[in-house]
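Enquirer: Coordinates only, no sequence provided:
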């Protein structure tokens, strides 16, 4: 650590090799992690710094991090699946006849574009 970076890097190390030369670069934590303060289920870390964005179950809210240091190891939270894709439309899928937009278009084409 130096005078410009008083906190240790919270994250991982990126190891690269270029022409046989090994380079180690710290990568600061970014994303959802188990709340290191153990107040909420998860807390968003940005550039290795805990933020006020927290999550408990599926509810996200804001709660400023406590003004204390933590010494728990950071544990990333697995990305949540928001669905299985059943709610997505494929470009080659049949149109839903119940859709208001489809019904309007059908009416438009059946009248030759004249609604009067």
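Expert: The structure has been received and is ready for your questions. In this text, all values refer to a predicted model and were calculated from it rather than measured experimentally.
Enquirer: switch to C-alpha atoms for all contacts and neighbour counts from now on
Expert: Noted.
Enquirer: pLDDT below threshold where in this structure?
Expert: The model of the chain has pLDDT under 70 over residues 1-14, 80-83, 86-87, 95-105, 108, 113-116.
Enquirer: Spell out the residue ranges of the strands in it.
Expert: Counting by DSSP state E, one finds strands in the chain at the ranges 11-18, 21-28, 31-34, 42-46, 49-56, 59-62.
Enquirer: Out of those, flag the one nearest residue 70.
Expert: Proximity to residue 70 (CA to CA) singles out strand 49-56 among those, at 10.4 Å.
Enquirer: name the helices or strands packed onto that closest one?
Expert: Judged by 3 or more CA pairs under 8 Å, 6 or more residues apart in numbering; DSSP states H and E, strand 49-56 is in contact with strand 42-46, strand 59-62.
Enquirer: Pipe these into CSV and attach distance to residue 92 per row.
Expert: Output for the helices and strands packed on strand 49-56, formatted as CSV (distance: least, CA to CA, whole Å):
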stretch, distance to residue 92
strand 42-46, 38
strand 59-62, 35
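Enquirer: out of those, nearest to residue 75?
Expert: Short answer: strand 42-46, nearest of those by CA to CA, at 9.5 Å.
Enquirer: So which bits of the closest one are buried?
Expert: By 16 or more other CA atoms under 10 Å, the buried positions in strand 42-46 come out as 42-45.
Enquirer: Stretch 49-63 now?
Expert: Judged by neighbour count (16+ other CA under 10 Å), stretch 49-63 contains these buried residues: 49-50, 53-55.
Enquirer: quick check, nearest of those to residue 15?
Expert: For the buried residues of stretch 49-63, the nearest to residue 15 is residue 49 (21.9 Å; CA to CA).
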